[in-house]
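Asker: A predicted structure for the sequence below; I have some questions about it.
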Amino acid sequence: MKNLFFIIVNLMLSLSLKAQILPLNTYYTEITTNSYLKDLDNILPRYTGTWRTDYNGANIYLTIDNVTKHPSKFGNISFYNDVLFVRYVIKNSDGAIIQSTLGKAITEANIKSIIPRPDNTIAFTYSGGDCGVGSGRIFLEYIDTTHLKWSYYPESSLIIAEECPQGSDLKVYLPKTEDLVFTKQ
């Protein structure tokens, strides 16, 4: 009888300590420590791959990667979630690279998904380029298997050039526009 009691207690403890799996679009106040915000609807993979567009004479390539169970933190709550990371290359009309983040590790990309929305759109944070220049929100809308729509809203912030390291590039190269269509490569 004593053994049965310990077995039941251990089973209950192991079940309660197991990470809670929540849908990816869980509201932030419902996230608990060590929970896992999982892409239960399998929507993130359709965004992955290399995408291309032309904008104001520049060729822009996005490389989107899906990372599962990525460690994250919101306030003092540590949890895991499935995340899209976007790295990019911007080339001028001659094909010379103007800016590239492809040399960064996937999880070091400065564009990271935060939440899928019900309108086939995923919201991203963009931490900006040098000195945080251009930081803001990016929205990618899934149109079909070969097209995404890009909308970028930089936040206005005061950048004091003297406080940035010498040689910092304080120009925003990403397309500051709405409804720009990218084609899958």
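Answerer: Done, it's in.
Asker: the longest strand seen in the chain: partners in the sheet, and parallel or antiparallel?
Answerer: Using DSSP state E, we find that the single longest strand of the chain is strand 58-74. Its sheet considered, strand 58-74 pairs with strand 49-55 (antiparallel), strand 77-91 (antiparallel) by DSSP bridges.
Asker: the shortest one: which residues count as buried?
Answerer: Taking 16 or more other Cβ atoms under 10 Å as the basis for neighbour counts, the residues of strand 49-55 that come out buried are 49, 51, 53. For every residue, glycine as well, the C-beta is placed using N, CA and C.
Asker: over to stretch 129-136?
Answerer: Buried residues in stretch 129-136, counting neighbours by 16+ other Cβ under 10 Å, are found at 129, 131, 133-136.
Asker: likewise stretch 30-39?
Answerer: Using 16+ other Cβ under 10 Å as the test for burial, stretch 30-39 gives 31, 35-39.
Asker: how about the contacts made by K171?
Answerer: By Cβ atoms under 8 Å, 6 or more residues apart in numbering, the contact list for K171 reads 129, 133.
Asker: quickly find the element holding it.
Answerer: For K171, there is no enclosing helix or strand under DSSP states H and E.
Asker: need the buried residues of stretch 129-136 in TSV (columns: pLDDT).
Answerer: Putting these into TSV (pLDDT from 0 to 100) gives the following:
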residue	pLDDT
G129	90
C131	89
V133	90
G134	93
S135	95
G136	96
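Asker: and of those, the nearest to I114?
Answerer: Closest approach between these and I114, by Cβ to Cβ: G136, at 12.3 Å.
Asker: OK, contacts around the closest one?
Answerer: Here G136 is in contact with 126, 128, 152-155 (Cβ under 8 Å, 6+ apart).
Asker: roughly how far does it sit from Y36?
Answerer: Distance of G136 to Y36, given as Cβ to Cβ, to the nearest Å: 28 Å.
Asker: need the max-distance pair from the contacts of G136.
Answerer: For these, the farthest-apart pair by Cβ to Cβ is G128 and Y153; their separation is 12.6 Å.
Asker: so for the two, which residue has more residues nearby?
Answerer: A side-by-side neighbour count of G128 and Y153, using other Cβ atoms under 10 Å, places G128 first with 19 against 12.
Asker: so who does the closest residue to that one other than its chain neighbours touch?
Answerer: Of all residues not flanking G128 in the chain, S135 sits nearest, at 3.4 Å (Cβ to Cβ, 6 or more residues apart in numbering). The contact partners of S135, by Cβ under 8 Å, 6+ apart, come to 125-128, 154-155, 157.
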